[in-house]
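In: Just to be clear, the model below is a prediction. Sequence and coordinates:
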Amino acid sequence: MTTTASTTASTSPAPVADARALGLAHYAARGVLELVLARHGITFQQQIALRAAVTADAPRTPDDLVTQVRGSLKADPSDIRATLDELLAQRWLVADGAHLRPTDAGRELIAAVGAETAPVTARVWGGIPAEDLAAAGRVLSLVTERANAELAALTA
């Protein structure tokens, strides 16, 4: 008598998206970015502020940049102003009247970080079906909207 082993595929349910899963994904990706940033001598908050200046359609005032960075990072405005001062001291930003604009060195730095992170980003995001990315995008947008509303209510 011959017996065949019956194998049952292990079907574990897909993980549920929740605050912990979001946090783990964020910090895993940020960990990669921070390693790259450290090699270039720039901090995460400096990179966010400098990127805001580099990608702006026109030179921004310090207040404009503080508002934009605060909207992204929820950081204290005085910390963001200190970050802008650091970017000015590093000559990655320059004062131009009432505005701050990125220097060539600042633009080159953002480009270098982007070039170095692009292959990692491609490996991390590559192969995820477009419909999954669209669904995740919708969920993340809704979570962001709701969390921003909660934050606004708590700080009002």
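Out: Received, thanks. Only a predicted model underlies this, so the values are computations on that prediction, with no experimental measurement involved. Numbering: from 1, shown residues only.

In: now the strands: where do they sit in the protein?
Out: Secondary structure of the chain (DSSP state E): strands located at 93-96, 99-102.

In: deepest of those, which one?
Out: strand 99-102 (a mean of 20; mean count of other C-beta atoms under 10 Å). All C-beta spots, glycine's among them, are computed from the backbone N, C-alpha and C.

In: contacts for that one?
Out: 50, 53-54, 59-62, 65, 84, 87-88, 92-94, 110 (C-beta atoms under 8 Å, 6 or more residues apart in numbering).

In: rewinding a little: okay if I get the strands of the chain as a markdown table plus mean pLDDT and distance to T144?
Out: Below are these laid out as a markdown table (pLDDT from 0 to 100; distance: least, C-beta to C-beta, whole Å):
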| stretch | mean pLDDT | distance to T144 |
| --- | --- | --- |
| strand 93-96 | 97 | 27 |
| strand 99-102 | 97 | 26 |
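
In: Including distance to T121, could those strands go into a markdown table?
Out: Below are these laid out as a markdown table (distance: least, C-beta to C-beta, whole Å):
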| stretch | distance to T121 |
| --- | --- |
| strand 93-96 | 25 |
| strand 99-102 | 22 |
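
In: And the average pLDDT for the biggest helix by length in the chain is what?
Out: The single longest helix within the chain, with elements called by DSSP state H, is helix 130-155. On average, the pLDDT along helix 130-155 is 95.

In: Could I get the pLDDT score of A21?
Out: At A21, pLDDT is 92.

In: can you count the residues close to it?
Out: Using other C-beta atoms under 10 Å, A21 has 11 neighbouring residues.

In: Can you verify my assumption that it contacts P15?
Out: Yes - using C-beta atoms under 8 Å, A21 is in contact with P15, at 6.0 Å.

In: Looking at the contacts of strand 99-102, point me to the pair that's furthest apart.
Out: Greatest spatial distance among these (C-beta to C-beta): T61 and I110, at 19.6 Å.

In: sorry, back to before: quick one: closest of the strands of the chain to A28.
Out: strand 99-102 (28.7 Å).

In: So what's the residue count around L140?
Out: Residues lying near L140 (other C-beta under 10 Å) number 13.
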